[in-house]
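A.B. asks: predicted model follows, preceded by the sequence.
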Amino acid sequence: MCGIVGYIGKQDTTKFLLDGLKELEYRGYDSAGIALLNDEKIDVFKALGKLKNLSEKVESAKLSKYEIGIGHTRWATHGKPTELNAHPHLGEYSYVVHNGIIENYKELKEELIKAGHNFVSQTDTEVIVHLFENFQNKLNDTTEAFKNTITKLEGAFSILLISKADPSKIFFFKHGSPLIIAKGNEKGEVLFSSSDAPLIGLSNEVVYLEDGVGGIASADSIEFFSDDYSWSTLPSSKQFAQKDGFRFFMEKEIYEQSSVVSDCMLGRIQDNEISFDEIDESILEGIKEIKICACGTSYHAGLTSSYLFERLSKVKCSIEVASEFRYKEPLLTKDTLFIVISQSGETADTLEALKMAKKAGLKSLVICNVDNSSMTRTADYTILTRAGIEKGVASTKAFSTQATVLWMLALYFAKINDSISSEKLQKELHALREVPKSLIIDDKIHEKTKRLSKRYLHGHGFFFIGRDVFFPLALEGALKLKEISYLHAEGYPSGEMKHGPIALADPELFTIALMPQNLLYDKIKSNVEELSARDSTICSISPLEFELSDDFIKTQKTDHYMLEFFEMLVVLQLFSMEISIRLGNDVDMPRNLAKSVTVE
Ligand code: AGP
């Protein structure tokens, strides 16, 4: 989830770029950079960490006047956060900034190296500028060179490119990640940004570019390559803009899940099999067991994957809460692959568990959303979830991207172990590709959770129940509710209710029942009937009508239980959020909680 800005005009180019990147800070970043162009030369500045590191470099450079510039804040997806990997990326005489993932960057890079181009970074982005110059050197026509470049790229790419070959222009294209072009308030001024916050107050006319729309901007004109665009106005408040119009960052992040899970899968489902840049088949050499360790929501993602590793990869799998694991004097054997899961990569208990496993000589893998975090620097292998910054303390898109990576990993291991037929693998891959669609929110579903939430603001507690992977999902639903509504809730395996908890059943006890059609439906149905018979108030979430439920949220019929899993996840997230809003709580920063628990 990177941030992009661009400027053409006679005002202070450097100031617009740095101020713009500051406005995009909320999108998260690990490094930043700007490139400035005037007829004679291109200057570029990059810095790791805080934006002030970049500003200090620029301010000390005593710059002359530039009329064109581009800037970027990076959230690493390919290549560690380093200055070399920071954008803008340089060819011989051009710079590019990019938001998204180039799926076919490896083959492009090989072709370009053969053609004599020298690469300095580990990023996928760098192929763009070398590809442009490769075409420009042959065609000597920057427009054609840019158009040819775009047609060769696969994946998600919103880009701004500047070049000494045409120093009065910015070349732009939008595909996947957001990009806005704006007419500045001053004559001949053109502004670019990946969200509207940096543009507010500086422009009245913008185009929120659609996928596949690009063009060339200069002080004299803005030329679009297609007619698929329309001019509109900007919101008035920056705070409103940073949340992209949503009420809370949590709401924005729930709605972002479909697109970030698409990013999470980009380049990893290749020619009908799973592949990860970050690992190879040797990761499973000598491995007989998987042990997973995590906390909170990440633990729930891990528990979900424990079912998939045994069912699909046929590898024994156990999972522990990190705060318990670190003091239990665990028996660790070197034939165990130790997987830790963490959004932040900084959770103290999980980090300590990872260090214990390393000390015991186990192979370690971290599934993480933040590159260059303590855990990614400690583990032998890292797979990034590419969720972009998660501002809401209650984790949402981190969970859905973790679950997606872990499902892909289970299929990757299944292929290595030859534990899955190619027919079954195709079915799983087909379902996997459908996940982003399952995460798209139907207004009717959101409206239903909003309406229902008024009935669930009291009572003496909630049970969230489910079976198999819907048990960790029930745990996650209960955690979401606890975290942001402060109402008591428990996640429970539905088969366990009769072993005691059912004693709590009465009309004031709310049961949220996860009833997938494709997995143990009859079993969960009979558990819910037991509760209904004891007068518990039941809200069932299912593709199938259930006549005994007091409330019912109908989900879509699909042919795979994991698609039901992701759709029900969104229902649970929205349900908790709407209850929290009705109770007047701070949805994004609930009481007593921190986004990353870096202490015991
Ligand atoms: C989830 O909504 C919570 N914010 C919390 O449980 C969180 O998942 C847990 O602290 C683990 O954090 P991590 O994923 O950054 O390690």
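C.D. replies: Arrived safely. Numbering: from 1, shown residues only.
A.B. asks: tell me the SS of the residue of the stretch 451-600 of the chain found nearest the ligand?
C.D. replies: Nearest residue of the stretch 451-600 of the chain to the ligand (C-beta to the nearest ligand atom) works out as Val597 at 4.7 Å. The C-beta positions use only the backbone N, C-alpha and C, and glycine is treated the same way. Assigned with DSSP: H, G, I helix; E, B strand; the rest coil, Val597 falls in the coil class.
A.B. asks: excluding chain neighbours, give the residue nearest to it in space.
C.D. replies: Thr347 (5.4 Å; C-beta to C-beta, 6 or more residues apart in numbering).
A.B. asks: over to Leu593?
C.D. replies: With C-beta to C-beta, 6+ apart as the criterion, Leu593 has its nearest non-adjacent residue at 4.9 Å, and that residue is Val393.
A.B. asks: Arg386 is in contact with Gln401, correct?
C.D. replies: Quick fix: residue 401 reads Thr, not Gln. Yes: taking C-beta atoms under 8 Å as the definition, Thr401 is a contact partner of Arg386 at 6.6 Å.
A.B. asks: what do the two both touch?
C.D. replies: Common neighbours of Thr401 and Arg386, using C-beta atoms under 8 Å, 6 or more residues apart in numbering, are Val260, Cys264, Asn369.
A.B. asks: what about the second one, neighbour count?
C.D. replies: Yep, that's Cys264 we're talking about. A count of nearby residues for Cys264, using other C-beta atoms under 10 Å, gives 27.
A.B. asks: and it, which of the three is it?
C.D. replies: Secondary structure assignment for Cys264 (three-state DSSP): helix.
A.B. asks: hang on, it packs against Ala403?
C.D. replies: No: counting by C-beta under 8 Å, Cys264 does not reach Ala403; the two are 9.8 Å apart.
A.B. asks: which parts of the stretch 201-350 of the chain sit against the ligand?
C.D. replies: Contacts of the stretch 201-350 of the chain with the ligand, taken as C-beta under 6 Å from any ligand atom, map to Cys295, Gly296, Thr297, Ser298, Ser342, Gln343, Ser344, Thr347, Thr350.
A.B. asks: which ones are touching the closest residue to the last one other than its chain neighbours?
C.D. replies: When you say that, I think you mean Thr350. Using C-beta to C-beta, 6+ apart and skipping the chain neighbours, the partner closest in space to Thr350 is Ala322 (4.3 Å). Applying C-beta under 8 Å, 6+ apart to Ala322 gives the contacts Cys293, Ala294, Cys295, Tyr299, Val340, Thr347, Asp349, Thr350, Glu352, Ala353.
A.B. asks: out of these, who's nearest Pro178?
C.D. replies: Thr347 (30.2 Å; C-beta to C-beta).
A.B. asks: mind listing the helices for the stretch 401-550 of the chain?
C.D. replies: Under the criterion DSSP state H, counting those that start in this stretch, helices of the stretch 401-550 of the chain are mapped to 422-438, 443-453, 470-485, 521-533.
A.B. asks: of the ones you listed, which stretch is the most buried?
C.D. replies: Of all the helices of the stretch 401-550 of the chain, helix 470-485 has the most neighbours on average by mean count of other C-beta atoms under 10 Å, namely a mean of 26.
A.B. asks: could you export it as CSV, CA atoms only?
C.D. replies: Only the C-alpha atoms of helix 470-485 are listed here, as CSV (Å, rounded to 0.1, in the frame of the first residue of the first chain):
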residue,chain,number,x,y,z
PHE,A,470,-15.3,-22.2,11.6
PHE,A,471,-14.2,-22.7,15.3
PRO,A,472,-11.2,-20.4,14.9
LEU,A,473,-13.4,-18.1,12.9
ALA,A,474,-15.8,-18.2,15.9
LEU,A,475,-12.9,-17.3,18.2
GLU,A,476,-12.0,-14.4,15.9
GLY,A,477,-15.6,-13.2,15.8
ALA,A,478,-15.8,-13.2,19.6
LEU,A,479,-12.5,-11.4,19.9
LYS,A,480,-13.6,-8.7,17.5
LEU,A,481,-16.8,-8.1,19.5
LYS,A,482,-14.9,-8.1,22.9
GLU,A,483,-12.2,-5.7,21.6
ILE,A,484,-14.4,-2.9,20.3
SER,A,485,-17.8,-3.3,22.0
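A.B. asks: chain center to it, what's the gap?
C.D. replies: 20 Å (C-alpha atoms, centre = their mean, to the nearest Å).
A.B. asks: on contacts alone, who are the packing partners of that helix?
C.D. replies: Judged by 3 or more C-beta pairs under 8 Å, 6 or more residues apart in numbering; DSSP states H and E, helix 470-485 is in contact with helix 296-308, strand 462-466, strand 489-493, strand 510-514, helix 561-582.
A.B. asks: Lys183: which element?
C.D. replies: Taking DSSP states H and E as the definition, Lys183 sits inside strand 180-184.
A.B. asks: contacts for the next helix-or-strand element following that strand next, please.
C.D. replies: Counting by DSSP H and E, the next helix or strand C-terminal to strand 180-184 is strand 190-193. Strand 190-193 is contacted by residues 3-9, 16, 20, 23-24, 70, 160, 170, 172, 179-184, 198-199, 202-203, 217-219, 222 when judged by C-beta under 8 Å, 6+ apart.
A.B. asks: now do the phi/psi pair for the residue of the stretch 351-500 of the chain found nearest the ligand.
C.D. replies: The nearest approach of the stretch 351-500 of the chain to the ligand comes at Ser395, 3.6 Å away (C-beta to the nearest ligand atom). Main-chain dihedrals, Ser395, degrees, to the nearest 10: phi -70, psi 130.
A.B. asks: ok, it - contacts?
C.D. replies: Here Ser395 is in contact with Gly296, Thr297, Ser298, Gln343 (C-beta under 8 Å, 6+ apart).
A.B. asks: and it, how far from Leu593?
C.D. replies: For Ser395, the distance to Leu593 (C-beta to C-beta, to the nearest Å) stands at 11 Å.
A.B. asks: three-state assignment of the most centrally placed residue in the chain?
C.D. replies: For the chain, Ala387 is the residue whose C-alpha lies nearest the centre (C-alpha atoms, centre = their mean; 1.5 Å). Assigned with three-state DSSP, Ala387 falls in the coil class.
A.B. asks: report the separation between the residue nearest to Leu593 and Pro507.
C.D. replies: Val393 is 32 Å from Pro507, by C-beta to C-beta.
A.B. asks: more neighbours, the two?
C.D. replies: Val393 (19 against 11).
A.B. asks: pull the contacting residues for that one.
C.D. replies: Counting by C-beta under 8 Å, 6+ apart, Val393 touches Glu483, Asp588, Met589, Pro590, Leu593, Ala594, Lys595.
A.B. asks: tally of neighbours for whichever residue of the stretch 51-200 of the chain sits closest to the ligand?
C.D. replies: In the stretch 51-200 of the chain, no residue comes nearer to the ligand than Trp75, which is 15.4 Å away by C-beta to the nearest ligand atom. By other C-beta under 10 Å, 22 other residues sit near Trp75.
A.B. asks: ok, it - contacts?
C.D. replies: With the criterion set at C-beta under 8 Å, 6+ apart, Trp75 makes contact with Met1, Cys2, Arg27, Gly28, Tyr29, Asp30, Gly388, Ile389.
A.B. asks: thinking again about what came up before, sheet-wise, list the partners of the strand holding Lys183 with their directions.
C.D. replies: In the sheet, strand 180-184 lines up against strand 190-193 (antiparallel), strand 203-208 (antiparallel) (DSSP bridges).
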